[in-house]
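K.L.:
After the sequence you'll find the predicted model.
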Amino acid sequence: MKVARFYAPGDLRLEEAEQRPLGTDEMRIRVRHCSACGTDVKIFNHGHHHLVPPRVIGHEIAGEVVELGTDLTGGAGWAVGDRVQVIAAVPCGTCADCAGGRMTICPGQTSVGYHYDGGFAEYLVVPVQVLAVDGLNRIPQGVGFAEASVAEPLACVLNGQELAGVGSGDEVVVIGAGPVGCMHVRLARARGAARVFLVELSRSRLDMSAAVVEPDAAICGSEVDVVDEVLTLTGGRGADVVITAAASGAAQEDALRMTARRGRISLFGGLPKDKPTITLDANLVHYRELSIVGANGSTPAHNKRALELIARGDVPVRDLITHTLPLDRLPEAIRLVGAGAAIKVTIEP
C-alpha cells in the first residue's frame, strides 16, 4: 500500500509499505478521505515533540472497514463494509479526568498520526486504544467520506463553544477565517447566536471564507482597527463571545478589548511554543467580569455529535472542502493549507 511518512522537517516521503497482519482485537480500514489541517503544516515544517519519526501522519480520517480481528467478529458490532470516522485525540479512559468526564485534558492522551500511524495512507489499522474509548464512529447515512473526515475538527469547535457557553442571542466574534473559523461561524449560528462577525488579517482569505459562510460582518484586520469595528457594530457594548481561532497573541489581546461585560473569551488557537505569552490587562477581566477559557481538542462523544450536526445539516461542511487531491499530491495540499489558499483540503488515497 502507499503511505506518506514523515522523517524530518521538510522530509515527507510517499512510500510503498507492507500491510502488517491484524491482531485479534484490531481492525483495518480502507482510508477514503483524510483531510489536511494546520497541524499537518506545523509537523511538516517543524516536527512535533510527540512524534517519533518515521511516522505516517494524518488525523482527520474517514474510511471503510475491510478486515476484522477474530475478537471483533460476531457480537462485537462491527462488520466489513461499515463506514467509519476515527477520532484523533485518544484519551486513556481510566484516569481521574477521564472518569470525571474531562477527557480532553487526559494527561495520558495519545494521538493518531503522532503516537500511532495516521490516515495519509491507503489503509489504516485502527489502534486498539481508539476502540477502547468508543472512538470509532459510524458515518450517518447521507454523509460522504470527505464530510466525515471534517467531523474531527468540528468536534474540537464544538468543545470550544460548549466551554465558552455560546448560546441563544449571543453576538459572537470569530478571529481567524481558516476552516476552523468557518466552522465556528456556522456552529455559533446553529447554537442560536444572534450575529456572528468574522475577523481575518488577510483580505483574500477573508473574502474566500466569507463568501461561503456569510458572516454578519467580515472585518479585515489589515485594513481597519478590529476592536473599533466590533465596538461600532455592537453599539459600543462589545461581543458576548470572542473566539480566537488563530495562533496569534495579538488576537488574544484584542479579544480582551472587544468583549462585553460578563462576556466570554475562548483562547481556541494555541500560540507558537517560542511565543506563548501575551500582555493581559487584568483590570479589564476584573472590572468587566470577563471569563477566559481554553479549548483543547475533543472527546469521542464530541466526534459523534459532530457527525450528527453534519448529517442534520446544522453545520454544513461539504462546501468548505475547496480541494480534493490524491495521496501523491500531499505536499501540494500542505502548501495550500500553509498559504491560506484553500479553506479545507482533503486527501483521497
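P.N.:
Perfect, thanks for sending it.
K.L.:
Going along the chain, name the helices of the stretch 51-200 of the chain.
P.N.:
96-99, 128-132, 145-149, 151-164, 179-190 (DSSP state H, counting those that start in this stretch).
K.L.:
how far out from the middle of the chain is the second one?
P.N.:
Read it as helix 128-132. 20 Å (C-alpha atoms, centre = their mean, to the nearest Å).
K.L.:
got the contact list for it?
P.N.:
23, 25-27, 72, 86-87, 90, 92-93, 110, 112, 116, 135-136 (C-beta atoms under 8 Å, 6 or more residues apart in numbering). (Glycine included, C-beta is placed from N, CA and C.)
K.L.:
Return a PyMOL selection command for the buried portion of those.
P.N.:
Under the burial definition 16 or more other C-beta atoms under 10 Å, those of those that qualify are selected in PyMOL by:
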select buried, resi 26+27+72+86+87+90+92+93+110+112+116+135+136
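K.L.:
Give me the subset of the contacts of helix 128-132 lying in strands.
P.N.:
27, 86, 90, 110, 136 (DSSP state E).
K.L.:
hmm, back to that, from the contacts of helix 128-132, pick the one nearest A333.
P.N.:
V112 (18.0 Å; C-beta to C-beta).
K.L.:
Could you verify my assumption that the closest one touches G118?
P.N.:
Yes - V112 is in contact with G118 according to C-beta atoms under 8 Å; the separation is 5.3 Å.
K.L.:
Show me which of the ones in strands among the contacts of helix 128-132 is closest to T277.
P.N.:
Once C-beta to C-beta is applied, the member of the ones in strands among the contacts of helix 128-132 that ends up nearest T277 is T110, at 27.7 Å.
K.L.:
what's the closest non-adjacent residue to that closest one?
P.N.:
V90 (4.8 Å; C-beta to C-beta, 6 or more residues apart in numbering).
K.L.:
Any idea which of the helices of the stretch 51-200 of the chain gets closest to R261?
P.N.:
Comparing those under C-beta to C-beta, the one sitting nearest is helix 151-164, at 15.8 Å.
K.L.:
So which bits of the closest one are buried?
P.N.:
Buried residues in helix 151-164 (16+ other C-beta under 10 Å): 151-164.
K.L.:
Export the residues you listed as a markdown table, with columns for pLDDT.
P.N.:
Below are these laid out as a markdown table (pLDDT from 0 to 100):
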| residue | pLDDT |
| --- | --- |
| A151 | 98 |
| E152 | 98 |
| P153 | 98 |
| L154 | 98 |
| A155 | 98 |
| C156 | 98 |
| V157 | 98 |
| L158 | 98 |
| N159 | 98 |
| G160 | 98 |
| Q161 | 98 |
| E162 | 98 |
| L163 | 98 |
| A164 | 98 |
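K.L.:
hang on, the earlier thing: could you identify the most distant pair in the ones in strands among the contacts of helix 128-132?
P.N.:
Using C-beta to C-beta, the two most remote members of these are M27 and T110, lying 17.3 Å apart.
K.L.:
Now do the same contact list for D225.
P.N.:
D225 neighbours (C-beta under 8 Å, 6+ apart): none.
K.L.:
For it, give me the pLDDT.
P.N.:
You'll see D225 listed with a pLDDT of 98.
K.L.:
One more: H50?
P.N.:
pLDDT, H50: 87.
K.L.:
next one: T70
P.N.:
89.
K.L.:
Hmm, it is touching T24, no?
P.N.:
Yes - between T70 and T24 there is a contact under C-beta under 8 Å: 4.8 Å.
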